[in-house]
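# Structure for this input, please:
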Amino acid sequence: MKLPLVKRFVWMAALVLALSSCLKEGNKTILLNDPQDIPFITDYLPEDLLRMFGEENVHFGDQPPVIDMEFKSMHRFVSLSTSLPNHPQPGDLSPITYYHKICRQYLQKADYISMSSEENSSKLVSPVYLTGRGNDFTVYYYETPQTAGSPEHAVLFSGTVVNGGVKDLRYGYKILKYNDSIVPPSVYPANSIFIFKDADGLAEACLWYQEGTNVPQNP
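Numbers count the residues shown, from 1 in each chain. The predicted structure follows:
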């Protein structure tokens, strides 16, 4: 009498475990429980970058909004740390327009495509990591821009998704090192940190990216 009951319990437990992993709908598999292994932002990024960015501007949480958006921003310097004697001051406006596209987001990972008005082509970073909750998000990653000296950057930006774009966008990066053996004297030295915010508080939605071309379509 007890043996069939035990077998029945084992079978039911196996069924529940299978259902918690996935369900099938036609020929599609719907993942119900698919935890992602992403680095925690405070372990992943340099401490001094996070400190200058401000903890109050980092949106924590494991349920970031689905961003899937193209937008552009104009940056105003908030703070910076560099040994270069001549540098912008907090409050100065950057003359460069920055273009952003977040796509192929799945939970806390996404692809990030970007370029600036000074660049001739866009660049892709994949994956980038996301934290946040509700409409608030933070994106963080490392990149190696194809610029003078071939620098390596630790980067993060955050904001709030709204109908017109991203509100209260804040963007920061640290130059970790240069990979070229000869580094031009005109570039900012390694360990320089820059923190910006969007100049008018709203990074406007802008359909700038077209597959197959790297030129902004709606600057």
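
# Residues in a beta bridge with the residue nearest to the spatial centre of the chain, which ones?
What sits nearest the mean C-alpha location of the chain, by Cα atoms, centre = their mean, is Val139, with 2.6 Å. The partner list for Val139 in beta bridges (DSSP bridges) reads Leu130, Phe157.

# Would you mind stating the distance between it and Ser158?
In this view, Val139 and Ser158 are 7 Å apart by Cβ to Cβ, to the nearest Å. Placement of C-beta: from N, CA and C, glycine included.

# And Ile102, by the same measure?
In terms of Cβ to Cβ, Ile102 sits 12 Å off from Ser158.

# what do these two both touch?
Residues touching both Ile102 and Ser158 (Cβ atoms under 8 Å, 6 or more residues apart in numbering) are Val139.

# so where do the helices sit in this structure?
Taking DSSP state H to define them, one finds helices in the chain at 2-21, 41-44, 47-53.

# tally of neighbours for Phe77?
Neighbours of Phe77 under the rule other Cβ atoms under 10 Å: 17.

# Oh, that last question was meant for Pro151, not what I typed.
22.

# Contacts only, for it.
With Cβ under 8 Å, 6+ apart, Pro151 has these contacts: Thr144, Pro145, Ile175, Leu176, Lys177, Tyr178, Asn179, Val187, Ala190.

# if you look at those residues, which of them are in strands?
Using DSSP state E, Ile175, Leu176, Lys177, Tyr178 are the members of the contacts of Pro151 that sit in strands.

# Need the nearest residue in space to the second one, chain neighbours excluded.
What that stands for is Leu176. Glu152 (4.5 Å; Cβ to Cβ, 6 or more residues apart in numbering).

# quick one, what contacts that neighbour?
Contacts of Glu152 by Cβ under 8 Å, 6+ apart are Tyr142, Glu143, Thr144, Ile175, Leu176, Lys177, Tyr178, Asn179.

# for Ala110, same thing?
Ile67, Ile102, Cys103, Arg104, Pro127, Val128, Leu130, Val139.
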